[in-house]
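Q: Dropping the sequence and predicted coords here.
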Amino acid sequence: MAYSPKNMTQLASVDAHRAARMLSDMREAALAGKRAPIAPRPVIEQSWRRMARSGVDPEHDFRSGLLGADEVQRRREESPLRHVLPVLREGLLQFADVTRHIMVIADAEGRVLWREGCSPVLRKADELGFELGADWREDVVGTNGVGTPAVVRRPVQVFAGEHFVRSQTSWTCTGAPISDPRDGRLLGVVDLSGPLETMHPATLSWVDTVAKLAESRLRELHQNSLEQLRAVAAPVLARLGDRAVVVDRDGWTAAVTGMPYTNRIALPKSLAAGRRWFPALGLSAVEPLAGGWLVRPAAEPGPRAATRIVLDLGRPRGWTVTVSGSAGSWTHELSPRHAELLYLLAVHRSGRSAAGLAADMFGDPARTVTVRAEMSRVRRYFGGFLEHRPYRFCEDASVEVLLPGDPRDLLPHSTAPAVTKARESAALA
């Protein structure tokens, strides 16, 4: 029987080892420039041509340097894919031990950031170099279920001898790209991998469906964040009698008044409060809001009201920060960790480095990754009112801290050494 790529996939689902032998013969013939018994699928043949042009060695795998644990953690904290981990886990890992699969999530650069699933398969993946921080771009390690979907921007299943590099030919890998639903930008790839006998034709549709569910969740989260920003913007815009637009940190429009609606505005790099030039709006006045920016095109220069920041730690719970400026005021409720961080910055108006805050928070100046991650979250809603290198409140803001009636009740949950020391000092006073 002559096999086509289509019925080769069907054969693989019932006799994986026979299909693997036939694909191995196909691979050997194709790499030797001979006529293969079966033709590779178009997506595989095109990938192999790219590999030949890029100089990937099919007989020897190349393992570039792994990212360190700190860099992996930093990328995780910055990746939007962290928001859809529950969707991916629920969709792909429920039967991982039974199906002998692992789920691998890589960023847009092909770096493995998350890896979970069947323990024995995870150990085999380690031997293959399929580990956290590894680089699985197609032009580095050949045709595979992470790098190839990222190139062709669609789901791809790579079975046995369809892998370009020999060391990977005992595996089956199925990957699907995950794109930012707002602008189509590639965020990364989710891949389901396992020994070659775990291959099934339905896996491709399965992984693709879960990837689309993740994109849907990202779209929902974006809409929710815009709704929250609209709630903050509504009273501000109601007080203004001129043109204005409120956008999130990436320039997506949440609300507009007195001017045509635009879906997104290109923001200048390193946007800060003040007068800034926008390609679409011209010279505009910019002021931070909780989770975004208030932009007023062609605003008349004039005295800018001083910004006042009030950090209210006076209650046992429900700590808040309130910002008042020329556009009005807004309030944000703080988590315990963010209340600690803003308190420490209020105490140290000249600023604190990441290492200094790590020592204040944990008694360990080496825990800078955790501090930077938390400060990144604070700046999502506090934005232009916080500067960094070192972290500090903006210079033109007045900062007031409202403390409990008994200073010994300051942030009673906190075990941060600096906060504990402040409570102890109050007790001795």
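A: Here it is on my side, so go on. Numbers count the residues shown, from 1 in each chain.

Q: what about Ala422, helix or strand, and which?
A: Using DSSP states H and E, Ala422 sits in helix 417-428.

Q: and that helix, which residues are buried?
A: By neighbour count with 16 or more other C-beta atoms under 10 Å, helix 417-428 contains the buried residues 418-419, 422-423. C-beta: built from backbone N, CA, C; applies to glycine.

Q: so how far is Thr169 from Met51?
A: Shown here: Met51 relative to Thr169, a distance of 14 Å by C-beta to C-beta, to the nearest Å.

Q: Could I get the contacting residues of Ser54?
A: Contacts for Ser54 (C-beta atoms under 8 Å, 6 or more residues apart in numbering) come out as Asp139.

Q: Contacts for stretch 402-422 next, please.
A: 310-316, 319, 336, 339-340, 343-344, 347, 359-363, 423, 426-427, 429.

Q: What's the local residue count around the closest residue to Ala397 other than its chain neighbours?
A: Nearest non-adjacent residue to Ala397, counting by C-beta to C-beta, 6 or more residues apart in numbering: Thr307, 4.2 Å away. Using other C-beta atoms under 10 Å, Thr307 is surrounded by 22 other residues.

Q: What of Ser216?
A: Ser216 has 13 nearby residues by other C-beta under 10 Å.

Q: residues near the closest residue to it other than its chain neighbours, how many?
A: The shortest distance from Ser216 to any non-neighbouring residue, by C-beta to C-beta, 6+ apart, is to Pro181 (7.5 Å). Applying other C-beta under 10 Å, we find 20 other residues in the vicinity of Pro181.

Q: Check Leu81 too.
A: Neighbour tally, Leu81, other C-beta under 10 Å: 24.

Q: Look up how far Glu90 lies from it.
A: 15 Å.

Q: How about the residue nearest the centre of the chain: what's its closest non-neighbour residue?
A: Closest residue to the average C-alpha location of the chain: Ser79 at 1.2 Å, with C-alpha atoms, centre = their mean. Once flanking residues are discounted, Ser79 sits nearest to Asp107: 5.8 Å by C-beta to C-beta, 6+ apart.

Q: Just say helix, strand or coil for Arg75.
A: helix (DSSP: H, G, I helix; E, B strand; the rest coil).

Q: Touching, it and Leu113? I think so.
A: Yes - using C-beta atoms under 8 Å, Arg75 makes contact with Leu113 at a distance of 5.7 Å.

Q: Which neighbours do the two have in common?
A: Asp107.

Q: What does the pLDDT read for Met51?
A: As predicted, Met51 sits at a pLDDT of 89.

Q: so where's this protein shaky on pLDDT?
A: 1-17, 279, 299-306, 326-328, 383-384, 427, 429 (pLDDT under 70).

Q: Show me where it has its helices.
A: 5-14, 16-31, 42-54, 69-78, 85-92, 96-99, 119-128, 138-141, 147-152, 202-239, 336-347, 354-362, 368-382, 417-428 (DSSP state H).

Q: And for the second one, what's in contact with it?
A: Right, helix 16-31. If you take C-beta under 8 Å, 6+ apart as the criterion, helix 16-31 is touched by 3, 8, 11-12, 35-40, 45, 48, 58, 159-162, 169-170, 172, 196-199.

Q: got the angle between it and helix 42-54?
A: Angle, helix 16-31 to helix 42-54, by axes from the mean of the first three to the mean of the last three C-alpha atoms, to 10 degrees: 40 degrees.

Q: And helix 16-31, how far out from the chain middle?
A: Computed by C-alpha atoms, centre = their mean, to the nearest Å, the chain-centroid distance of helix 16-31 equals 38 Å.

Q: Then the third one?
A: Mean C-alpha position of helix 42-54 versus that of the full chain (C-alpha atoms, centre = their mean) differs by 30 Å.

Q: next one: the last one
A: On the basis of C-alpha atoms, centre = their mean, helix 417-428 is displaced by 37 Å from the centre of the chain it belongs to.

Q: Kindly export that helix (C-alpha atoms) in CSV.
A: Provided in CSV are the C-alpha atoms of helix 417-428 (Å, rounded to 0.1, in the frame of the first residue of the first chain):
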residue,chain,number,x,y,z
PRO,A,417,11.9,43.4,59.0
ALA,A,418,11.6,47.1,58.3
VAL,A,419,7.9,47.2,59.2
THR,A,420,8.5,45.1,62.3
LYS,A,421,11.3,47.4,63.4
ALA,A,422,9.0,50.4,62.9
ARG,A,423,6.3,48.8,65.2
GLU,A,424,9.0,48.0,67.8
SER,A,425,10.3,51.5,67.8
ALA,A,426,6.7,52.8,68.3
ALA,A,427,6.3,50.5,71.2
LEU,A,428,9.4,51.8,72.9
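
Q: so who does the residue nearest to the centre of the chain touch?
A: 107, 113, 187-188.

Q: Just put those residues in TSV and tack on neighbour count.
A: What follows is these, written out as TSV (neighbours: other C-beta atoms under 10 Å):
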residue	neighbour count
Asp107	21
Leu113	20
Leu187	19
Gly188	28
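
Q: Among these, which one sits closest to Thr368?
A: Nearest to Thr368 among the contacts of Ser79: Leu113, at 19.1 Å, using C-beta to C-beta.

Q: Would you confirm that that closest one contacts Arg74?
A: No - taking contacts as C-beta under 8 Å, Leu113 lies outside contact range of Arg74: 10.1 Å.

Q: Please determine how far the nearest residue in space to Glu77 that is not next to it in sequence is located from Glu387.
A: With sequence-adjacent residues excluded and distances taken as C-beta to C-beta, 6+ apart, Glu77 is closest to Ala373, at 4.2 Å. According to C-beta to C-beta, Ala373 stands 18 Å off from Glu387.

Q: coming back round to it: okay, and which of the contacts of helix 16-31 map to strands?
A: Counting by DSSP state E, the part of the contacts of helix 16-31 found in strands is 159, 172.

Q: What is the neighbour count of the nearest residue to Arg372 once chain neighbours are set aside?
A: Nearest residue to Arg372, sequence neighbours excluded (C-beta to C-beta, 6+ apart): Ala354, at 5.5 Å. If you count neighbours by other C-beta under 10 Å, Ala354 ends up with 19.

Q: any idea how far Ala354 lies from Glu45?
A: Taking C-beta to C-beta as the measure, Ala354 falls 49 Å from Glu45.

Q: try Val84
A: From Val84 to Glu45 the distance is 32 Å (C-beta to C-beta).

Q: just Val189 next, same as before
A: 21 Å.

Q: Looking at the two, which one has more neighbours?
A: Between Val189 and Glu45, Val189 has the larger neighbour count (other C-beta under 10 Å), namely 30 against 15.

Q: Right, I'll call it a day here.
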